[in-house]
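In: For reference, the sequence and a predicted model appear below.
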Amino acid sequence: MTQFETQTQPAPQLADPDPDGPLVGIIMGSKSDLETMEKAGKVLEEAEVTFEIEVMSAHRDPERVADYCRSARGRGLKVIIAGAGLSAALPGVAAAHTDLPVIGVPLTSSLSAAGGLDSLLSVVQMPPGVPVAAVGLDNPRNAAHLAVRIINA
Ligand code: RP5
């Protein structure tokens, strides 16, 4: 590990995560993202992969995001899908608080700059050691397909 890399600390594993609990956590920065991000849930439903879906903003609810991601592994989640628009910090912040795979979904919104390039770069340009797997702009379906592949790997 170089001086510029960080090591994400995994949350302690609970003794008995709920075997029927969700495997994928879908989170997003705003209610305004929900209609788009629900498409990831549809793909997971079709693949019969259990999931939960919640709105939490890295900027507006930072403590909630940290708590959710730190407890994710212990609750039995295997992958986090995080969608956000504008200065899309949510996927990166999620990856800072868990060692689970995080798939970022850059989203457009009514205030997007450069057609959504703002969120695309915010999701992709993570520092070494804190990875986020990014899918295309407004493409939560691919995030779900990738989550299924990760779970079945
Ligand atoms: C981001 O800001 C959200 O992910 C959303 O895409 C965008 C706009 O949010 P709202 O102002 O609609 O709540 O944080």
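Out: Cool, got the structure.

In: Alongside the ligand, which residues does this protein contribute?
Out: 28-30, 32-33, 57, 84-86, 107, 109 (Cβ under 6 Å from any ligand atom). No exception for glycine: its C-beta is placed from N, CA and C like everyone else's.

In: remind me which residues of this structure are low pLDDT?
Out: 1-15 (pLDDT under 70).

In: List the buried residues in stretch 130-147.
Out: 130, 132-135, 137-147 (16 or more other Cβ atoms under 10 Å).

In: Just the C-alphas of it, formatted as PDB.
Out: Only the C-alpha atoms of stretch 130-147 are listed here, as PDB (Å, rounded to 0.1, in the frame of the first residue of the first chain):
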ATOM      1  CA  VAL A 130     -11.200   3.100  -2.800                       C
ATOM      2  CA  PRO A 131     -12.800   1.500  -5.900                       C
ATOM      3  CA  VAL A 132     -16.200   2.200  -7.400                       C
ATOM      4  CA  ALA A 133     -17.400   0.200 -10.400                       C
ATOM      5  CA  ALA A 134     -19.200   2.700 -12.500                       C
ATOM      6  CA  VAL A 135     -21.900   2.000 -15.100                       C
ATOM      7  CA  GLY A 136     -23.200   4.300 -17.800                       C
ATOM      8  CA  LEU A 137     -25.200   7.500 -17.300                       C
ATOM      9  CA  ASP A 138     -28.800   6.700 -16.200                       C
ATOM     10  CA  ASN A 139     -28.100   3.000 -16.500                       C
ATOM     11  CA  PRO A 140     -29.100   1.400 -13.200                       C
ATOM     12  CA  ARG A 141     -30.100  -1.800 -15.100                       C
ATOM     13  CA  ASN A 142     -26.500  -2.500 -15.800                       C
ATOM     14  CA  ALA A 143     -25.600  -2.000 -12.200                       C
ATOM     15  CA  ALA A 144     -28.100  -4.600 -11.300                       C
ATOM     16  CA  HIS A 145     -26.900  -7.000 -13.900                       C
ATOM     17  CA  LEU A 146     -23.300  -6.500 -12.600                       C
ATOM     18  CA  ALA A 147     -24.500  -7.100  -9.100                       C
END
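
In: Understood, closing this out.
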